[in-house]
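1. Generate a structure from the sequence data that follows.
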Amino acid sequence: MNQSVVKALKLLDLFSEETPELSLKEIAVRSSLPKPTAYRLLTTLEHMNFLYKTKDSEHDSRYRLGLKLLELGQLVSSSLEIREVALPFMEKLAQTINEVVHLVIVNNDEATYIEKVESTRALRLYTRIGKSSPLYIGSGPKLLLAFLSERKQQAILEQSNLYQLSAQQLIDKDSLRKQLQHIRKVGYAYSIGEQDADTTGISYPIQNFKGEVIAALTVSGLSSRFEGDHLLYIKKHTKESALEISAKLGYQSTMECAYE
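-> I've put the predicted structure just below:
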């Protein structure tokens with residue numbers, strides 16, 4: 001465990017509603033750290049916007065919590081709200097189609113799985129809540145990438161090399177761009193064998209009250225079960241569930257349901 005990181009995080013814990021502002025001297029005393037050590041850690045936290053100075057003098061400095069914590073707090077709050085709203089619909093969907101259901105969000109330059117409902121089938125997928133993957137592999141991540149702003153999408157596609165998870169094969173970026181355009185056009189994403197062999201994933205967007213895509217509702221299972229009329233059945237119920245979750249988050253759809 002990195003002790004410098006631990007000490008820095010403990011400094012943040014010194015702030016509270018009762019003590020929203022602290023001086024360098026107070027922080028050093030409360031943390032039992034030498035003043036130079038406390039100052040060095042505070043300077044790093046300030047540089048990263050976890051703290052900001054309200055007063056700076058040769059005798060003492062005063063600090064408050066910075067906006068970076070507010071930004072992270074809003075991200076956590078948003079993720080918790082989506083999970084809380086989505087989970088009952090995910091459970092109902094999993095019971096209806098008996099396949100694994102995931103909830104996926106963008107986390108920096110990756111896709112992170114923040115909720116999962118298992119199927120009752122003997123063969124299960126070894127995904128876990130908290131797992132992250134590249135935004136260009138799998139139906140959920142690709143759907144999120146397709147609906148990112150052009151600037152963010154381009155920054156990801158301009159990475160030096162993009163690799164498949166299996167066989168470490170290079171991904172053709174021109175082909176990927178065409179896939180992303182198609183996803184935006186049809187409104188859902190479909191992948192076969194990209195994250196696990198012999199598995200298929202189908203994802204539909206979850207939107208907030210502004211119409212922004214904030215998560216992907218993803219269904220995954222053995223490819224042999226994602227065929228014919230049953231595939232249409234899965235797509236129908238997955239899209240309906242995504243729309244229901246979006247409606248709970250304030251999204252108002254004016255589109256008629258159409259399934260391909």
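
2. Spit out the contact partners of the residue nearest to the spatial centre of the chain.
-> The centroid of the chain falls nearest to I105 when counting by C-alpha atoms, centre = their mean (2.9 Å). By C-beta atoms under 8 Å, 6 or more residues apart in numbering, I105 lies in contact with 79, 82, 111-112, 114, 144, 214-216. For glycine as for every other residue, the C-beta is placed from the backbone atoms N, C-alpha and C.

3. By pLDDT, give me the weakest of those.
-> Lowest pLDDT within the contacts of I105 is found at S79 (69).

4. residues contacting the closest residue in space to A111 that isn't next to it in sequence?
-> Using C-beta to C-beta, 6 or more residues apart in numbering and skipping the chain neighbours, the partner closest in space to A111 is P141 (3.6 Å). Going by C-beta under 8 Å, 6+ apart, P141 touches 104, 110-111, 133-135, 216.

5. Could you tell me how far the helix ranked longest in the chain lies from the centre of the chain?
-> Ordering each helix of the chain by length in residues (DSSP state H) puts helix 67-97 first. Distance, stretch centre to chain centre, for helix 67-97: 10 Å (C-alpha atoms, centre = their mean, to the nearest Å).

6. Using neighbour counts, pick out the buried residues of the helix or strand that comes right after that helix.
-> Counting by DSSP states H and E, the next helix or strand C-terminal to helix 67-97 is strand 100-107. Using 16 or more other C-beta atoms under 10 Å as the test for burial, strand 100-107 gives 100-107.

7. Likewise for stretch 34-45?
-> Within stretch 34-45, the residues scored as buried using 16+ other C-beta under 10 Å are 38, 41-42, 45.

8. related to what we said a few turns ago, for the buried residues of strand 100-107, give me a markdown table that also has pLDDT and distance to G66.
-> Conversion of those to a markdown table gives the following (pLDDT from 0 to 100; distance: C-beta to C-beta, whole Å):
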| residue | pLDDT | distance to G66 |
| --- | --- | --- |
| V100 | 94 | 40 |
| V101 | 96 | 37 |
| H102 | 95 | 33 |
| L103 | 96 | 30 |
| V104 | 95 | 29 |
| I105 | 94 | 24 |
| V106 | 92 | 23 |
| N107 | 87 | 21 |
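
9. Can I get those residues in a markdown table including distance to L176?
-> Output for the buried residues of strand 100-107, formatted as a markdown table (distance: C-beta to C-beta, whole Å):
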| residue | distance to L176 |
| --- | --- |
| V100 | 25 |
| V101 | 25 |
| H102 | 21 |
| L103 | 23 |
| V104 | 18 |
| I105 | 20 |
| V106 | 17 |
| N107 | 20 |
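
10. So among the contacts of P141, which ones count as buried?
-> Counted by 16+ other C-beta under 10 Å, the contacts of P141 give 104, 111, 133-135, 216 as buried.

11. Which ones among the contacts of P141 lie within strands?
-> 104, 110-111, 133-134, 216 (DSSP state E).

12. how about these in a markdown table, adding distance to Y233?
-> Shown next, in a markdown table, are those (distance: C-beta to C-beta, whole Å):
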| residue | distance to Y233 |
| --- | --- |
| V104 | 22 |
| E110 | 31 |
| A111 | 26 |
| S133 | 27 |
| P134 | 30 |
| A216 | 20 |
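
13. hmm, which two among those residues are most spread apart?
-> P134 and A216 (14.0 Å; C-beta to C-beta).

14. what touches both of those two?
-> When contacts are counted by C-beta under 8 Å, 6+ apart, P134 and A216 are jointly contacted by 111, 141.

15. Which secondary structure element is home to Y113?
-> Judged by DSSP H and E, Y113 forms part of strand 110-117.

16. swap that for R64, sorry
-> Short version, using DSSP H and E: R64 is in strand 61-65.
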